[in-house]
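Undergrad: I'll drop the sequence and a predicted model, then ask my questions.
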Amino acid sequence: MAPRPRPNVQFVPESPPPPDSLPAHKSSARTPDGLPFAGQKRPLPKFKKTGQPKPIPSIRLIPDDVEVAVQWPDGRLLLGVGTTYRPPPPEECLSHATGFGGDGLWRWHEYTRQPQLLDHTAPFMAWAHLPTLEQKAESILYRRASRHDCALCPDAAVEQRKKLGGKKKFGMGTRNGMYRLTDQLYDELKSRHTALRGQCELVTDLLKRASKECMQGLNPESVIRVILANVREPVREYFDIIHACERLRYGCISAFPEFDVCFTAYQRAHNIMLAYFDFACSILPPHLAPGLAELPKLTQSDCRRGVVLAGEDIKTYIRFFKAHKIPVWVYAAMNTLAIPKGRLGPPDSPRCDVSTCDVLNDFKQRSLPSRWYPPPPHCPWALIEPIGRGYLPPPDQDYFELGQEAQKKKRKLDRVLQREEDVRVANKRKLENLKKVFGNLGSSLERYQQMAARSPAAQRYFANKLKPRPPFAPAVDRNYLVALDAGSKHIDLLTRPLQHPVISTSDPNFHVEAPKIPRDRLDELVKAQHGDLKLRTWVPPLSVFTNPYSWQKTVEMVCNAVTLLPTALERITVARRCSDVQPLSPAEWRDILTVKHWKNVWHDHHRKKYIEDELAKLRRGEDWDEANAPAARKKLQADQIPMERYDHNEFDKYGSAKYFGQTLTDNKIASLTAAGENTCFTRGYLACGHPATSERLVEDPDLIHNILIWLEQLEQLYWLCDLNSQALARDGILGLAGGGRRTPDFTDEEERQRPFVALILQSVIHRQVVGLDGWPAGGKQAEETFEAQYDVSHLTKVLISADHALFVDQYMERDLDWYTVQDLKDLIPEDGEPFASLDDDEFNNVQEQLLLRYILTSFAARQWPVEMVQLPEHDINLYKCKECRPEKLPVRREEIDPAAALSVSLGVMSLPSSPGVKDLTPNELNLAVEDTGIGTWFEYEPDPFWETYDGHLSDEPVENEGFSD
């Protein structure tokens, strides 16, 4: 560009102002003569402005390879290269282009027929086939659906199952008011799309191989590199063609217009997949796939849809499409080109029928995906193809009218989504409640979620950790609380990752084989692992009694536990021959210990008996068909029948498959005589012989406290047995019929004499035994206790024989002060006094480590340990009712040991007095008590606070054995 000429500036001199006119603060010194503008303000120069002429667009001749041209609105021009077709401008037709055309397509919106702007992710759309007149009339891939394509009768498999309850069945025929493909046509459509899908996957793999092996010598800006970097498989069409094909066969289509639209959707998806296949074959190197490159050449250029190029895409792609003989239309400005005479002409007619199809447009019961219907008339032309292919939502998606059936399904789906949202909101609310207590959990929350997912035992513990310990619960041993605090630092042993159920993580091919496992199968196997890790016990755990929100509920469950105590111990021997009798989870115990469970057993028995009797009457009829049995059973299930009044004194009259097992339940029902007499299972009573009733126990929390202590001791016995299955196997204890556990029967004298069984008994209940009635038993020796070192040696022998003892030693190998299995064996010689070589401090250290070893061994078995509670002295009177229990002399408050008083204040142990019975006054006891001015005697009644505690921390009952200190 030439430099702009400098403007000619002329200065016009002016006479200086008189001296009197100068400002007062200026100097009045005379300015030397000869200087222009001396003492004056310098004027701005004056420029002579000249207007610049507007650039005149250069007129160029169109290239020689342009065959036709058509004028579009707004001064635009469309130049056709390699084609004689002049596309009509779409904007002029949008005002009346809504709805379906006479051939079932989208009129001017049909993107598989009319040329569209280039989509960089789908250049293969230019290869879309244009059918001939013969193909439009006869080919299954281009003709419109007819009623001859619909089957008259239902599917053979459906016809065997008659109509049930008036509900629609899949695969019904036009005779039933529904439309489905004929069997022959369905097989043909399915075989076509299956073969085409395989061909598309083949050329996709070849394109990936070519991009790796054949690109070394190409320019980095080569068009083939740009195409391969941007192109995407027609994934939506893969799903659409399967969806449409199966919908035509089994989709419960109740109107022929919907059948017609679905049939067209199949054809459209097939055309796009075929275009992708031809595109890939055209650009593949011939040496990679000999023969495939020749297939697209069989289709003439006039039978391709073509593409419209604009802007920078013209320079990038026009040579590519010309080389493959694909019709191309190029945008250009009308005033920049000189068009020879004969090439510019009026637009041709559309490639599909643009007449209105009233049948399809007036049909309102729409049930298919919204992208299978034409977009609204105001849809921009450049977005028609992305919307039709499903990559953009239709503009009318929010107010798209669905039919009644589709609206019903949509409402059902919305309810499911709403329930999921409610669950998320509930979880968020619980999280906010936790944050109110603990502040911002941060990474601790993620760690808790990880541990809860790996270990149900850890989840139970943390769920109950915030809950205060009820006053009637047994007091935890103080030494055990110290060990539990140390064991909590090793909770990673409990929450170690689960083993992969199919392939080991140490396998070198794990990262290759693991992703191939179906997600559903993996979820089922992981769920089974979680089921194996759930707590299952022979007696109800403590959490069953401490989790209820009311004192009356706890009393009810304790009463039922006492009644079922003998049968709970008998279930062990039954489980050895009946695989349907297994230990129960806390949720199952919670159900069995309520009256509601036994009422449901009674009602289910009468309902089942009524149904079987009615079916027997129907089977005696001549026109009975056994295929009608499920429908008749379902109908009888809804009948109202008279029920026998429930009597809790005969709660086990009809057994219980969950508790007694199906075999014993059937035998129990079979033993009922005509007179209604029933031989009950063994009932449990209090130690005094009285039945455990709510009226007797609700005012006696001392008795409930003692009963829970005994149940906790029984649970610890069985837990130590679970930790020593190999040692019990060597002792000759039989396993369960279902496999897994080896649990001795502590009520059997013969099994109690086994060495290791006797060792477990001595380590927990010392010289006591378990009687046939379920309560502790024993002679005078039971009142004696072992010396401390012998008492500790029994627990030591049990723990060093545990199945996971060596694993615990391996876990603690970095602790130099840790006593290994061999170290403990050396401290308890067979023919000497145990721990004789240790002083008092070392012996206390061994005791602490034994409790820690017990906790870690339980962690190794993936369960939270059963608490060690403070044991009462051996006295059978502790388990008698208040009327039969001898009165206990009160203890003076000043005689209470200070250490015990401190433990009471910390909540570790309870006072020797009865926690639920009102203390006697000093006058009644005839004792001299110094008046201190305050009430030294207090009344301990059940606090109503326990009925409503944890109202916001948990939305469902939790199963937990552990409590925080």
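TA: Received the coordinates, thanks.
Undergrad: Look up which helix or strand the residue nearest the centre of the chain falls in, please.
TA: Of all residues in the chain, the one closest to the mean position by Cα atoms, centre = their mean is residue 523, 9.7 Å from it. Using DSSP states H and E, residue 523 sits in helix 519-533.
Undergrad: C-terminal to that helix, what's the next element?
TA: Following helix 519-533 in sequence, per DSSP H and E, is helix 542-546.
Undergrad: Longest helix in this protein, by number of residues?
TA: In the chain, with assignment by DSSP state H, the single longest helix is helix 404-438.
Undergrad: Which elements pack onto it?
TA: Judged by 3 or more Cβ pairs under 8 Å, 6 or more residues apart in numbering; DSSP states H and E, helix 404-438 is in contact with helix 443-454. The C-beta positions use only the backbone N, C-alpha and C, and glycine is treated the same way.
Undergrad: at 6 Å instead, please
TA: If contacts are counted by 3 or more Cβ pairs under 6 Å, 6 or more residues apart in numbering; DSSP states H and E, helix 404-438 sits against no helix or strand.
Undergrad: Please renumber the chain so that the first residue is 686 from this point on.
TA: In the new numbering, first residue 686, that becomes helix 1089-1123.
Undergrad: quick check: domain ranges of the protein?
TA: Domain assignment for the chain by automatic domain parsing gives 745-830+866-1087, 1386-1570.
Undergrad: and the end-to-end length of the shortest one?
TA: This means domain 1386-1570. 13 Å (Cα to Cα, to the nearest Å).
Undergrad: that older thread, just the mean pLDDT for the helix holding residue 1208, thanks.
TA: Helix 1204-1218 shows a mean pLDDT of 81.
Undergrad: In it, which of the residues would be classed as buried?
TA: Buried residues in helix 1204-1218, counted by 16 or more other Cβ atoms under 10 Å: residue 1218.
Undergrad: got the CA positions of that helix in CSV?
TA: Extracted in CSV, the C-alpha atoms of helix 1204-1218 (Å, rounded to 0.1, in the frame of the first residue of the first chain):
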residue,chain,number,x,y,z
ARG,A,1204,-21.5,-55.3,35.4
ASP,A,1205,-24.6,-57.1,36.5
ARG,A,1206,-22.7,-60.3,37.2
LEU,A,1207,-20.0,-58.4,39.1
ASP,A,1208,-22.7,-56.6,41.2
GLU,A,1209,-24.3,-59.9,42.1
LEU,A,1210,-21.0,-61.4,43.2
VAL,A,1211,-20.1,-58.4,45.3
LYS,A,1212,-23.5,-58.4,46.9
ALA,A,1213,-23.0,-62.1,47.8
GLN,A,1214,-19.6,-61.1,49.4
HIS,A,1215,-21.4,-58.5,51.5
GLY,A,1216,-24.0,-61.0,52.4
ASP,A,1217,-21.3,-63.3,53.7
LEU,A,1218,-19.8,-60.5,55.8
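Undergrad: what residues does that helix touch?
TA: 1141, 1183, 1186, 1547 (Cβ atoms under 6 Å, 6 or more residues apart in numbering).
Undergrad: Kindly report the same for stretch 979-998.
TA: Outside stretch 979-998, the residues that reach it (Cβ under 6 Å, 6+ apart) are 800, 802-803, 811-813, 815, 963, 966-967, 1002, 1010-1012, 1014-1016.
Undergrad: What about residue 906, how many residues nearby?
TA: 8 (other Cβ atoms under 10 Å).
Undergrad: same question, residue 1196
TA: Residue 1196, neighbours per other Cβ under 10 Å, totals 9.
Undergrad: what are the phi and psi angles of it?
TA: Main-chain dihedrals, residue 1196, degrees, to the nearest 10: phi -70, psi -20.
Undergrad: Check the gap between it and residue 1190 for me.
TA: Using Cβ to Cβ, to the nearest Å, residue 1196 is found at 10 Å from residue 1190.
Undergrad: Equivalent analysis for residue 1087, please.
TA: Per Cβ to Cβ, residue 1087 is found 48 Å from residue 1190.
Undergrad: Compare neighbour counts for those two and give me the winner.
TA: Per other Cβ under 10 Å, whichever of residue 1087 and residue 1190 has more neighbours is residue 1087, with 16 against 10.
Undergrad: what's the spacing between the more buried one and residue 953?
TA: 21 Å.
Undergrad: same check, this time on residue 1164
TA: Distance from residue 1164 to residue 953, by Cβ to Cβ: 77 Å.
Undergrad: Can you pick out the residue with more neighbours from those two?
TA: residue 953 (24 against 14).
Undergrad: thinking again about what came up before, mind checking which of the contacts of stretch 979-998 are in helices?
TA: Reading helices off these with DSSP H, I get 963, 966-967, 1002.
Undergrad: Farthest pair within those residues?
TA: 966 and 1002 (18.5 Å; Cβ to Cβ).
Undergrad: so residue 1401 touches residue 1553, yeah?
TA: No. Between residue 1401 and residue 1553 there is no contact under Cβ atoms under 6 Å: 7.1 Å.
Undergrad: Let's have the ones in helices among the contacts of stretch 979-998 in CSV, adding neighbour count.
TA: Shown next, in CSV, are the ones in helices among the contacts of stretch 979-998 (neighbours: other Cβ atoms under 10 Å):
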residue, neighbour count
963, 22
966, 20
967, 19
1002, 21
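Undergrad: okay if I get those as a markdown table plus distance to residue 947 and pLDDT?
TA: As requested, the ones in helices among the contacts of stretch 979-998 are exported to a markdown table (distance: Cβ to Cβ, whole Å; pLDDT from 0 to 100):
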| residue | distance to residue 947 | pLDDT |
| --- | --- | --- |
| 963 | 25 | 93 |
| 966 | 29 | 92 |
| 967 | 31 | 91 |
| 1002 | 35 | 92 |
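Undergrad: Between those residues, which sits nearest residue 1319?
TA: Distances from residue 1319 to the ones in helices among the contacts of stretch 979-998, taken by Cβ to Cβ, are shortest for residue 963, at 54.5 Å.
Undergrad: if I read this right, the closest one contacts residue 814, doesn't it?
TA: No. Residue 963 is not in contact with residue 814 according to Cβ under 6 Å; the separation is 8.2 Å.
Undergrad: any shared contact partners between those two?
TA: By Cβ under 6 Å, 6+ apart, no residue touches both residue 963 and residue 814.
Undergrad: that older thread, among the domains of the chain, which comes closest to residue 1301?
TA: domain 1386-1570 (33.0 Å).
Undergrad: what about residue 868, how many neighbours?
TA: Counted with other Cβ under 10 Å, residues neighbouring residue 868 total 12.
Undergrad: so what's the closest residue to it other than its chain neighbours up against?
TA: Nearest residue to residue 868 in three dimensions, chain neighbours excluded: residue 836, at 7.0 Å (Cβ to Cβ, 6 or more residues apart in numbering). For residue 836, the contacting residues are 858, 865, 867, by Cβ under 6 Å, 6+ apart.
Undergrad: Quick check, pLDDT for the second one.
TA: Pointing back at residue 865 there. Residue 865 carries a pLDDT value of 89.
Undergrad: how close does it get to residue 859?
TA: In this view, residue 865 and residue 859 are 8 Å apart by Cβ to Cβ.
Undergrad: and those two? which has more neighbours close in?
TA: Each of residue 865 and residue 859 has its neighbours counted (other Cβ under 10 Å); residue 865 has more, 29 against 16.
Undergrad: Now do the phi/psi pair for the closest residue to residue 910 other than its chain neighbours.
TA: Among residues not flanking residue 910 along the chain, residue 903 sits closest, at 6.1 Å (Cβ to Cβ, 6+ apart). Note on residue 903: backbone dihedrals following degrees, to the nearest 10 are phi -80, psi 150.
Undergrad: Alright, that wraps it up for me.
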